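> I would like to see how this sequence folds:
(chains A and B)
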2 protein chains.
Amino acid sequence: MKKIDMIVNAPHFFTMEGSGVGYKTGTAMLVDGGKIAGFADSVRVASEYAAEENLLLEHHAVFPGFVDAHMHTGLAIARGLAQDTGNWMMYGLQPFDSVIGQAARDAGSRLAIIEAVRAGTTTVGDYEYEMNEVCSFVQKIGVRGQITQLIREAKRKVYNPGELYEYDPVMGAEAFNRCLALYDRWHGGAGGRIHVLFGPQGADFLSLELLLKIQKAAKEKKTKIHMHVQQGDRETYQIEKRYGKRPIAWLSQVNYLDDSLIAVHLTDAHDEEAAVVARSGAGMIVCPGSIGIIDGIVPPSTAFQEAGGDCALGSDQAPGNNCHNIVNEMKNVALFNKIKYKNPEVMPAWRALRMATVEGARAIGLGDSIGSLEEGKKADFIAIDLRKPTMLPVYTNPMRNIVPNLVYSARGDEVALSAVDGKVIYRDGRVLAVDEEAVVSDLENFAPAIGRDAAEEFWRIHGTNAEFMEKGRL
Amino acid sequence: MKKIDMIVNAPHFFTMEGSGVGYKTGTAMLVDGGKIAGFADSVRVASEYAAEENLLLEHHAVFPGFVDAHMHTGLAIARGLAQDTGNWMMYGLQPFDSVIGQAARDAGSRLAIIEAVRAGTTTVGDYEYEMNEVCSFVQKIGVRGQITQLIREAKRKVYNPGELYEYDPVMGAEAFNRCLALYDRWHGGAGGRIHVLFGPQGADFLSLELLLKIQKAAKEKKTKIHMHVQQGDRETYQIEKRYGKRPIAWLSQVNYLDDSLIAVHLTDAHDEEAAVVARSGAGMIVCPGSIGIIDGIVPPSTAFQEAGGDCALGSDQAPGNNCHNIVNEMKNVALFNKIKYKNPEVMPAWRALRMATVEGARAIGLGDSIGSLEEGKKADFIAIDLRKPTMLPVYTNPMRNIVPNLVYSARGDEVALSAVDGKVIYRDGRVLAVDEEAVVSDLENFAPAIGRDAAEEFWRIHGTNAEFMEKGRL
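Alright, predicted model coming up:
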């Protein structure tokens, strides 16, 4: 009898190996030392292996844990305060964003990460200014964290229409140094679960000099650059005015497009520009729900993929999505692209699932370690309860309907269990290492003061939601 | 002390009165004789009223129960078997639909209705050939049922491209008689919870003579016609070839558009055609997820509403949606229309919520009795748990974020309680009057035989999903 840490027994495994969904049945997954040690015949496994823990998932399907590659978790403190408006940043978010302190953002992060875990996310791609508390929480809750420290050089001030952003090299250098400090403190931390990425906010927000300095450091430290790319007409305007080219063309010219880059959004990119990014070897992250709500736009992720690129999904932020639920983003990306191309065959369920797992992992540089259930990879997996109404009935012949129902029917609460590095972190509705009630109570304490502090600016700006309040629509 | 049946205490009520969301706080809702008896001050209520039942919903928001106005619940037996394909009916559904017997459809209906209730639906608008078992189940589970018996006159055979459907008056008359029999047996049944509507399948599937006969009977019996209208290019082709006009123009000419009609889908209708239907006084039902998956189309519900019409939401059917979750349809209708019009201000959260409640109720002819929490209306309501991560944090000042988070963030499992006619039918994750485990076990028995019986035709037709099975993508 070989001794191992864990045997995972389930009737269905979707390993995501190969080019499809890698279905296996009649098999059990072996976990040892936090990694997948292989698969064994589900009947013989009991006589061949002695495990510390036997996970018996009798009416479940096992998948790789989901990758939510782009989140601003701290903004969960402002959930639901900024949607349904044009100029989202100024008319929606700004009155609140400007009065939210770091402790409140950290409380938002804790909630958002719990929310994501409850819907099957095992890797969170978080992105903000101050990430130390997020790293501590990632360490505690047991999830995997691709943590990006934001770097910005453009001064925070009100710019006149058409005015170029003014750079403040001292501020830029300070942000970069904080990024390097975060890297030194946390990269490889939490037993290797945390990676620190470098996050120039966007090509318009930093000088070329600082952008290149960041790129050089990222390559030296073998980490990635996680950057908003051609994320809106404001960015396009700034780069055109400054350099005479659209952002992607300019980034290409200065050799910023390569496999060290993870490009987020591409909201304002044409299909051909998306293809340029894909062919450079860069990864992409698309945030369907967020960009749908904020801009009414379906970004060119399909064109990016057709050009050979790997694209991940992201839930972005809660004042304009408004949730951190990758199950919902799979449905969004599939439906939005069917609608964009007026073609029900575009973006089928299996491809959306790959974006949430193996393709998403590749897009953010974790393709060798997570995203599929293969021997030697880290044991990040989830179990979907197939006796929830949304997953029923189960067909296996002549076709399996589990993947389409996960993508199109599931709500998120079908996730019965999640494990990271072979350690169960979520089970039967409870996050195991964290007191969820305490997180919620802590969070609730911040809302009244934020509302009070934001009120004057909210009414002065008088955006769509102010009008809605006056008209009794909220 | 006045004696009443129930006091509902909660910090937030969204009554949907007036033109917005009818927010009330500091109040308790009074229920008596299955109806809303009014509201009372939340502090004084205890000294003024003695209730049989006190519902204390401490961290909840109360809304009218959701209306899911167009469902084919029986097809839940085929969930997930037909998406991601062009010509959905022939290449997706047909191999399975042709081998599913009535007992399996009834099992599917039971599951779909449970699924809908679990996501806050209190009125199901079901539509199929054989509705007796559905009515029995509606009676038992306690939900409200707008039950439509389908009537079809076109022979079921394989038509050559361009061939006009052949009518079979004997078949048509028989279907109409079964519809009248269902009306006699069930209309006003289950304590008034069940209404029977007449369901000509579509203008192309019946002769003008039978269509008019149905219309006359519906008016005499003071019920509604619930009909698929301009639901696709096949229908448009048939009507143009037969009558020389597009379906809506022709229906207008034969006086079929008026307030006795509930028009479903309008998939192939232009904005101006949708406006013609709206101005006639007819209601509309839009099924965003279903039509998005099946056709990649966003139907013109916004144009219909702009012309003054009331539009309800529907979840349609599970082999191409694939769920019965009105929370999801609210998000779909808002996002799809933002994308359609490339404008984030189109279809805001409050309007989507009205479609699921008061506007939806009006669209299907129940505006006087349900859809809002007003004195004299039936006590159909749900409670949303505001301590679920997706609904947090709660802001009330300077704006409330509860409605946007219900529409954009909620998954469906935030529904903590539902009541119909003042009677609680769902609470804390359990449907009260039905053994859910038994429903699931019964349902699971049918799948293997359906799969076996459909296999030959599935492989012969060799649609997209057959290809996906061969390529390991399912």
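> ok so A:Pro299 is a helix residue?
No - counting by DSSP: H, G, I helix; E, B strand; the rest coil, A:Pro299 falls outside a helix, being coil.
> keeping just the C-alphas, turn stretch A:459-474 into CSV.
Provided in CSV are the C-alpha atoms of stretch A:459-474 (Å, rounded to 0.1, in the frame of the first residue of the first chain):
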residue,chain,number,x,y,z
TRP,A,459,-25.3,65.4,-4.7
ARG,A,460,-23.0,68.0,-6.2
ILE,A,461,-22.0,65.8,-9.1
HIS,A,462,-25.6,64.7,-9.4
GLY,A,463,-25.0,61.6,-11.6
THR,A,464,-27.6,59.1,-12.8
ASN,A,465,-27.9,57.4,-9.4
ALA,A,466,-28.5,60.8,-7.6
GLU,A,467,-31.4,61.3,-10.1
PHE,A,468,-32.6,57.7,-9.4
MET,A,469,-32.6,58.4,-5.7
GLU,A,470,-34.7,61.6,-6.2
LYS,A,471,-37.1,59.7,-8.4
GLY,A,472,-37.6,56.8,-6.0
ARG,A,473,-35.9,54.3,-8.3
LEU,A,474,-33.4,52.9,-5.8
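> okay, buried residues for that stretch please.
Using 16 or more other CB atoms under 10 Å in any protein chain shown as the test for burial, stretch A:459-474 gives A:Ile461, A:Gly463, A:Thr464, A:Asn465, A:Ala466, A:Phe468, A:Met469, A:Arg473, A:Leu474. Just so you know, the C-beta spots here come from the backbone N, C-alpha and C atoms, and that holds for glycine as well.
> can you name the two of the residues you listed that sit furthest apart?
Using CB to CB, the two most remote members of the buried residues of stretch A:459-474 are A:Ile461 and A:Arg473, lying 17.4 Å apart.
> stretch A:336-352: end-to-end distance?
This stretch, stretch A:336-352, spans 11 Å end to end (CA to CA, to the nearest Å).
> from the stretch 51-200 of chain A, which residue is nearest to chain B?
Of all residues in the stretch 51-200 of chain A, the one sitting closest to chain B is A:Gly80 (3.1 Å; CB to the nearest CB).
> tell me, how many residues neighbour the nearest residue to that residue once chain neighbours are set aside?
Leaving aside its sequence neighbours, A:Gly80 sits nearest to B:Asn401 (CB to CB, 6 or more residues apart in numbering or on different chains; 3.1 Å). Burial measure for B:Asn401: 29 neighbouring residues, criterion other CB atoms under 10 Å in any protein chain shown.
> got the contact list for B:Asn401?
With contacts defined as CB atoms under 8 Å, 6 or more residues apart in numbering or on different chains, B:Asn401 is in contact with A:Arg79, A:Gly80, A:Leu81, A:Leu474, B:Val394, B:Tyr395.
> and for A:Leu55?
Per CB under 8 Å, 6+ apart, neighbours of A:Leu55: A:Met6, A:Ile7, A:Val8, A:Asn9, A:Ala10, A:Ala383, A:Leu417, A:Val424.
> so which of the residues you listed is the most crowded?
When neighbours are counted by other CB under 10 Å, A:Val8 leads the contacts of A:Leu55 with 28 neighbours.
> now stretch A:430-447: buried residues?
A:Val431, A:Val434, A:Glu436, A:Val439, A:Val440, A:Asp442, A:Leu443, A:Glu444, A:Phe446, A:Ala447.
> oh, I was asking about stretch A:139-155
A:139, A:141-154.
> tell me how far A:Lys354 lies from chain B.
If you look again at residue A:354, you'll see it is Arg, not Lys. When distance is defined by CB to the nearest CB, to the nearest Å, A:Arg354 is 9 Å away from chain B.
> that residue touches A:Phe14, doesn't it?
No - using CB atoms under 8 Å, A:Arg354 is not in contact with A:Phe14; the gap is 10.3 Å.
> shared neighbours, those two?
Taking CB under 8 Å, 6+ apart as the criterion, A:Arg354 and A:Phe14 both touch A:Val21.
> can you give me the end-to-end distance of stretch A:369-382?
Chord length of stretch A:369-382, first to last residue, is 16 Å (CA to CA).
> show me what from the stretch 51-200 of chain A comes close to chain B.
A:76-77, A:79-81, A:83-86, A:88, A:111-112, A:114-115, A:118-119 (CB under 8 Å from any CB of the partner chain).
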